[in-house]
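Sequence plus predicted model, see below.
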Amino acid sequence: MTVAFGGVDLDPVEIGINGNAILGIKESGKSYLGTELGELLFDSGIPFVTFDPIGIWHNMRYPGAGKGYPIVVAGGFHGDIPLTPASAPTIVEAAMKKGVSVVLDLFHPELSKADWRTIVRECAMLLLHRNTEYGLRHVFIEEAAEFVPQRVFDARVYDAVERLIRMGGNSRLGCTLISPRSQEVNKAVLELCENMFLFRQRGKNALENLKKWLEVAGAAGGDVMKTLPNMPRGECWAWLGGSDLPVHVRVPRKNSFHPDRRAMGGAAEAPRGKAVSVGKFIGALQAELPKIEEEVKANDPRVLKAEVQRLTRALAAAEKGQAPAAPAWPDQREEVAALVAELSECTAAMDRLTAAANELQRRQKAALAALGGESLPLPAVTPPTRRASPAPPPAPRQPAPARAAPQSDGSVPPGCAKPLAALAAVYPSGLTEAQWATSAGYKRSGGTWGTYKGRLRSAGLIEQREGRWFATEVGAAAVGDVELPPAPGPDLVRWWAAKLPGTTKMAEALIEAWPEWLSRDELAARLEMSAAGGTFGTYVGRLAGPGVVERGSDGIRLTCEIMG
Ligand SMILES: Nc1ncnc2c1ncn2[C@@H]1O[C@H](COP(=O)(O)OP(=O)(O)O)[C@@H](O)[C@H]1O
Ligand SMILES: [Mg+2]
């Protein structure tokens, strides 16, 4: 059954199950159309999940020209329930089971962009694995370029969203990508979308991109390209899977409230009427969520690892006999014994966590195999290295020598943000000094580098262990939102190459050859360089510095560490 929609007939099931894209500049009417499609789906009995980084979809609960909708809002400034990366999958799973529509409102200062990506990634994978049994459902993603950008830097969230578009149908899922920057949304993903809604487009890049696209499909003629720069707000070209050519659509009035951001403090800014209640669903979830947060915190590998480190140090100090003499502090022995007990509890918890993570990965692989895809490039989880079973505490002997503890109030010394962020990005792992300096964009030999290193160390934000540098727990926390490097694999090689001038092509040639070795001559030939030349040697040296490549008797190849 189709619905007349401002110039086209829309079939809610076709919209619901397919991949759709809504593109256009700011204020052109994208979110208006998105929420209206949400209404259409809802009224057709198709629930939806929306990832909303701009905090606009919660308004659907309020009546506008027509009724408001009983959707659940998690997070944001108007949420019924709080939203964190830990709680998001539980909320989506509950919504899936109950057939409820839910908006994950990501517009909140406490959620970083890294949190957005975690939430989208985890929920998309959950939906792909679990939705089949619950029936047709649709996923809306506002600000899609944050998750599937043209230049992919977070392979895992890209992978999850790309799968949602490419093979969501297997799980009875469709997905709508909404973005104001059409040229920044990944082309490969856009090409998978059956339905396109093109609103006003400005900017040479955006227009040229679209033109190329429409030309390939034979739809660039007529009025489309001519009218796009001046399309009135609320009008678009709808290019639907079933039809050859785009159709001019005037998006009809929707039922629920849509805020007018240009109305300064006027009535149009605030919703009238009462939000539709979804009390029952929320009541049940509200009791659940605090438990999830607690569980996650108790099992957070960062917290556990930091605790293990702290206790290991305390134990080592006690073993070396640095602890105070027994008679003066009779309860010291007990304290150490308690620490040891705590330590073995922590290590046991780490083991459980490791086992659970590996099990999860195994199940994910099995589920994906069933879906016909491959597994995400998650690193295998290995238990942390630790000393053999903790020895019983020896009798303490001497008082500890007085030593100025590094001050660690968590503030980052001037100029040190970048070097610290480079370590925080890999926390709780560490980097060799060469890797660290390169990824932070510094020369290791420079004086500045030494200064920053010293400052960070004496502030207690970094530490050196077994030839590697690590952010301390305080250090990692001090940085906040850091861009994580990609998981080991070709993307990690490219990530390094981007920081090592001139090495991009060499990196690509080595990726292509992996896992084979390339002789120097062969590699040089592929790059049309001379193996004897200085430049060639410089590039190899640059890549070898942070351990991206290794040199052996067979020639050169990428290291196993980098390729995972
Ligand atoms: N079809 C429409 N009918 C009436 N008003 C609309 C329509 N589309 C957009 N608007 C109004 O235009 C403004 C911008 O729309 P919106 O969809 O929020 O823009 P964006 O493209 O940035 O998502 C809003 O105030 C909205 O109410
Ligand atoms: Mg919008």
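Cool, got the structure. Numbers count the residues shown, from 1 in each chain. Ligands and ions are numbered 1, 2, ... in the order given.

so where do the strands sit in the stretch 51-200 of the chain?
72-75, 102-105, 137-141, 173-179, 195-198 (DSSP state E, counting those that start in this stretch).

Residues contacting the second one, please?
It refers to strand 102-105. 48-52, 55, 57-58, 60, 71-79, 83, 88, 91-92, 95, 119, 123 (Cβ atoms under 8 Å, 6 or more residues apart in numbering). No exception for glycine: its C-beta is placed from N, CA and C like everyone else's.

Could you give the average pLDDT over that strand?
Mean pLDDT, strand 102-105: 97.

what does the fourth one give?
Mean pLDDT, strand 173-179: 98.

neighbours of whatever residue of the stretch 401-550 of the chain ends up closest to ligand 2, just the number please.
Closest contact between the stretch 401-550 of the chain and ligand 2, by Cβ to the ion, is at Asp481 (23.0 Å). Asp481 has 11 neighbouring residues, counting by other Cβ atoms under 10 Å.

Roughly how far does Arg444 sit from ligand 1?
Separation of Arg444 from ligand 1 (Cβ to the nearest ligand atom, to the nearest Å): 46 Å.

The residue nearest to that residue when sequence neighbours are not counted: neighbour count?
Distance criterion Cβ to Cβ, 6 or more residues apart in numbering; nearest residue to Arg444, sequence neighbours excluded, is Ala437 at 4.1 Å. Neighbour count of Ala437, defined by other Cβ under 10 Å: 23.

tell me the SS of Pro488?
Classification of Pro488 by DSSP: H, G, I helix; E, B strand; the rest coil places it in coil.

Read off the pLDDT value for the residue lying closest to it once chain neighbours are set aside.
Spatially, and ignoring its direct neighbours in sequence, Pro488 is nearest to Gly564 (2.8 Å; Cβ to Cβ, 6+ apart). Looking at Gly564, its pLDDT reads 82.

is it true that the residue nearest to Arg444 touches Tyr452?
No - the criterion here is Cβ atoms under 8 Å, and Ala437 misses it with Tyr452 at 9.8 Å.

Need the overlap of contacts for the two.
In contact with both Ala437 and Tyr452: Pro419, using Cβ under 8 Å, 6+ apart.

give me the residue from this protein nearest ligand 2.
For the chain, Cβ to the ion, closest residue to ligand 2: Ser31, 3.1 Å.

what are the C-alpha coordinates of the strand or helix carrying that residue, in CSV please?
For Ser31, the host element (DSSP states H and E) is helix 30-43. Only the C-alpha atoms of helix 30-43 are listed here, as CSV (Å, rounded to 0.1, in the frame of the first residue of the first chain):
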residue,chain,number,x,y,z
LYS,A,30,16.3,17.1,5.9
SER,A,31,15.3,16.4,9.5
TYR,A,32,11.8,17.5,8.8
LEU,A,33,11.6,14.8,6.1
GLY,A,34,13.4,12.3,8.3
THR,A,35,11.1,12.6,11.2
GLU,A,36,8.1,12.6,8.8
LEU,A,37,9.3,9.3,7.3
GLY,A,38,9.6,8.2,11.0
GLU,A,39,5.9,9.1,11.4
LEU,A,40,5.0,7.2,8.2
LEU,A,41,6.8,4.1,9.4
PHE,A,42,5.4,4.3,12.9
ASP,A,43,1.8,4.7,11.5
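
Give me the contacts around that helix.
Residues contacting helix 30-43 (Cβ under 8 Å, 6+ apart): 3, 5, 10, 12, 15-16, 20, 22-24, 47-48, 50, 54, 56-57, 59-60, 69, 71, 101, 138, 140, 142, 176, 178-180, 197, 199, 234, 236, 251-252, 254-256, 258.

can we see that at 6 Å?
12, 15-16, 22, 24, 48, 56, 60, 69, 101, 138, 140, 178, 197, 199, 251, 254-255, 258 (Cβ atoms under 6 Å, 6 or more residues apart in numbering).

swap in stretch 438-454?
Under Cβ under 6 Å, 6+ apart, the answer for stretch 438-454 is Gly415, Cys416, Lys418, Pro419, Ala422, Ala437, Lys499, Pro546.

Report the spatially closest residue to the first one, excluding sequence-adjacent ones.
For Gly415, the nearest residue in space outside its immediate sequence neighbours is Tyr452; the separation is 6.0 Å by Cβ to Cβ, 6+ apart.

Quick check: that neighbour is in a strand.
No - using three-state DSSP, the assignment for Tyr452 is helix, not a strand.

okay, now it: neighbour count?
For Tyr452, using other Cβ under 10 Å, the count is 23.

swap in Arg455?
Arg455 has 18 nearby residues by other Cβ under 10 Å.

Helix, strand, or coil at it?
helix.

Can you give me the neighbour number for the residue lying closest to it once chain neighbours are set aside?
Leaving aside its chain neighbours, Arg455 sits nearest to Pro413 (4.0 Å; criterion: Cβ to Cβ, 6+ apart). Residues lying near Pro413 (other Cβ under 10 Å) number 16.

Check the secondary structure at Pro413 for me.
Following three-state DSSP, we place Pro413 in the coil state.

hang on, it packs against Ser458?
No - counting by Cβ atoms under 6 Å, Pro413 does not reach Ser458; the two are 8.5 Å apart.
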